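# Only the shape, not the letters, is given here:
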Ligand SMILES: NC(=O)C1=CN([C@@H]2O[C@H](COP(=O)(O)OP(=O)(O)OC[C@H]3O[C@@H](n4cnc5c(N)ncnc54)[C@H](O)[C@@H]3O)[C@@H](O)[C@H]2O)[C@@H](O)CC1
Ligand SMILES: Nc1ncnc2c1ncn2[C@@H]1O[C@H](COP(=O)(O)OP(=O)(O)O)[C@@H](O)[C@H]1O
Ligand SMILES: [Mg+2]
C-alpha cells in the first residue's frame, strides 16, 4: 500500500493551456439532493465548480433551485424527475456524480435507474452516499453500472452495506477482493482513507483529522474527484483520484491550523488558491 505524498498535486495539477474554453475542462452532472438533503448536492456541485470543472449541471429536486443559484450561479439546474432532460444532460457529461442527499425512496431508486441506463463506456461515474445504499439493496443494477468507469466513495458503513464486509473485518485483503469483483475504484473513507484502484494499486491517505468530521465533508470530496477526473487527462485515473482525495484533506489540515473545525464550505472556498500554489511550475 502506497502512502499518497504531497508531490501528487504537483504531478496532477497542470497549468491551463492558453488556447482553451470551458469545454476543455469537462462537463460534470451532479445528481441528488431531495427535499431533506439539498445541502449535500449543493456542496458537491460547489466543490466541482471550485475545483475547476468547466461546466457543471446539478440535477436535483425543484425545491433546491433557489438555494443552489443563490450560492452558485455558475451551476446549471435540471429537475431530477424530468427523465428526458436528465438523460440528455448525462449523455453530454464526462463525469456523473450520483448519491449525495439522493435519499432511498422509490423516487430515488427511479432516478438511479435512469442514470445507470444513460451511461456509456466514456463516462466516469462517482457513486456516493444514498446511491451506494440503494445499490446495496438493488444488486441487480451493479452489473449494468460496469459499462462506465466507476468510482465508489463509501464511508465504512456504506462499504459494509455494499461489500457485505462488517466494519471490524474491513481489512485490505477482503476489501481488495470485493473491489475487484465490483470492477470499480473504491475510495474507502475514514481516518486515513484507503483507495483501491482498478489497476490493482492501493493508496492510503496519511493526512486529515477530526476537524473534518462535519456533515457534507464527503459530499464535497465527490465534487473535487469529479473536477479532477474531467480536467487532468495527461495523468492516469488513479493519480487523478489520489490527488483529489489528497487535496481535500490537505486544504482541511492547512485550515485546521487556524480553526477548531473546518467546514466543507471552508474547503470549497480555499480550493482555487490551494490549486494555484500546488500546480506544476
Ligand atoms: N447537509 C446535507 O444535506 C447532508 C446530507 N447528507 C446525506 O445524507 C444521506 C445519508 O448519509 P449518512 O452518511 O448521513 O447516513 P448513513 O445512514 O448512510 O450512514 C451513517 C451511519 O453509518 C455509521 N458509520 C460507521 N462508520 C462510519 C464512518 N466512517 N463515517 C460515517 N458514518 C459511519 C454511523 O454511525 C451511522 O449509523 C446521504 O445521501 C448523504 O449524502 C450527509 O452527507 C450529511 C449532510
Ligand atoms: N476523524 C477524521 N479523520 C480524517 N478524515 C475524516 C475524519 N472524519 C471525517 N473525515 C473525512 O470526511 C469525509 C466524510 O465523508 P462522509 O461520511 O461521506 O460525509 P458526508 O456524507 O456527511 O458528506 C471523508 O472524506 C472522511 O475521510
Ligand atoms: Mg457521505
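That came through fine. Note that the structure is a prediction, hence the values are computed from the model and not measured. Ligands and ions are numbered 1, 2, ... in the order given.
# drop to CA atoms for contacts and neighbour counts, all remaining ones
Noted.
# Is the biggest helix by length in the chain in proximity to ligand 2?
In the chain, assigned by DSSP state H, the helix with the most residues is helix 237-255. No - with C-alpha under 6 Å from any ligand atom as the criterion, ligand 2 is not reached by helix 237-255; the gap is at least 7.2 Å.
# Which elements pack onto that helix?
helix 7-12, helix 217-231, helix 264-278 (3 or more C-alpha pairs under 8 Å, 6 or more residues apart in numbering; DSSP states H and E).
# Of the ones you listed, which is nearest residue 187?
Residue 187 sits nearest to helix 217-231 of all the helices and strands packed on helix 237-255, at 10.2 Å, using C-alpha to C-alpha.
# What is that closest one packed up against?
Counting contacts by 3+ C-alpha pairs under 8 Å, 6+ apart, helix 217-231 packs against strand 27-31, helix 38-50, strand 95-98, strand 124-127, helix 237-255, helix 264-278.
# The second one: which residues count as buried?
Going back to what we said before, that points to helix 38-50. 38-50 (16 or more other C-alpha atoms under 10 Å).
# Report all helices and strands that that helix contacts.
strand 27-31, strand 55-60, helix 217-231, helix 264-278.
# Deepest-packed of those, please.
Each of the helices and strands packed on helix 38-50 was scored by mean neighbour count; the highest is strand 27-31, a mean of 30, by mean count of other C-alpha atoms under 10 Å.
# want to try JSON lines for the buried residues of helix 38-50, with pLDDT as columns?
Output for the buried residues of helix 38-50, formatted as JSON lines (pLDDT from 0 to 100):
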{"residue": "38", "pLDDT": "98"}
{"residue": "39", "pLDDT": "98"}
{"residue": "40", "pLDDT": "98"}
{"residue": "41", "pLDDT": "98"}
{"residue": "42", "pLDDT": "98"}
{"residue": "43", "pLDDT": "98"}
{"residue": "44", "pLDDT": "99"}
{"residue": "45", "pLDDT": "98"}
{"residue": "46", "pLDDT": "98"}
{"residue": "47", "pLDDT": "99"}
{"residue": "48", "pLDDT": "98"}
{"residue": "49", "pLDDT": "98"}
{"residue": "50", "pLDDT": "98"}
